[in-house]
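> A structural model of the following input is requested.
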Amino acid sequence: MRTIIKLFIIFGLGSTLSFAETWTGKLVDAACKDRSKRGSQMTECTPSSATTSFGIELEDGKVLKLDSTGNAKASEAIKSTGTKSSMQATVTGSLQGQTVKVESIDIQ
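Predicted coordinates for the structure are as follows:
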């Protein structure tokens, strides 16, 4: 009986850790957003092929930064699709502070 209870606890903990969240918003240059916050100026911060630090700006204006994996995936997507004035993205992953540990990213 104890073995069965231990197995349920282990599987229960493992399943809660594997849940991913999804965010949809505008793909932005995270470094530009950081600078514009400090300077209190409203800047568009559209990412380009030279951008190395990306974020996703949610509908409420909050910006979640992408981890290194997400930055690489976003950079590749921009290089293949080109720069647009408004890039909508759907990001799936787990939130760690203000940074998303990216599992997948889909840019429209």
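
> Could you look up the SS state of S94?
strand (DSSP: H, G, I helix; E, B strand; the rest coil).

> For it, give me its contacts.
Residues near S94 by CB atoms under 8 Å, 6 or more residues apart in numbering: F19, A20, E21, V100, K101, E103. In short, each C-beta sits where N, CA and C put it, glycine included.

> Run through this protein and note the low-pLDDT ranges.
Scanning the chain for pLDDT under 70 picks out 1, 4, 6-8, 11-18, 38-43, 83-85.

> what about the strands in it?
Ranges of strands in the chain, per DSSP state E, are 21-29, 54-57, 63-66, 88-96, 99-107.

> Turn the ones you listed into TSV, columns for distance to S36.
Below are those laid out as TSV (distance: least, CB to CB, whole Å):
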stretch	distance to S36
strand 21-29	10
strand 54-57	11
strand 63-66	10
strand 88-96	19
strand 99-107	19
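
> So which of these has the densest surroundings on average?
strand 54-57 (a mean of 27; mean count of other CB atoms under 10 Å).

> Report the strands that pair with it, each with its relative direction.
strand 21-29 (antiparallel), strand 63-66 (antiparallel) (DSSP bridges).

> can I get the CA coordinates of that strand in PDB?
Coordinates of each C-alpha in strand 54-57 appear next as PDB, following Å, rounded to 0.1, in the frame of the first residue of the first chain:
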ATOM      1  CA  PHE A  54      13.200  39.200 -27.600                       C
ATOM      2  CA  GLY A  55      10.100  39.500 -25.500                       C
ATOM      3  CA  ILE A  56       6.400  39.100 -25.900                       C
ATOM      4  CA  GLU A  57       4.300  42.100 -25.000                       C
END
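
> Please name the bridge partners of the residue nearest to D67 when sequence neighbours are not counted.
Residue nearest to D67 in three dimensions, not counting chain neighbours: K101, with 5.0 Å by CB to CB, 6 or more residues apart in numbering. Assessed by DSSP bridges, K101 has beta-bridge partners S94.

> Tell me the buried residues in stretch 29-36?
D29, A30, A31, C32, K33, S36 (16 or more other CB atoms under 10 Å).
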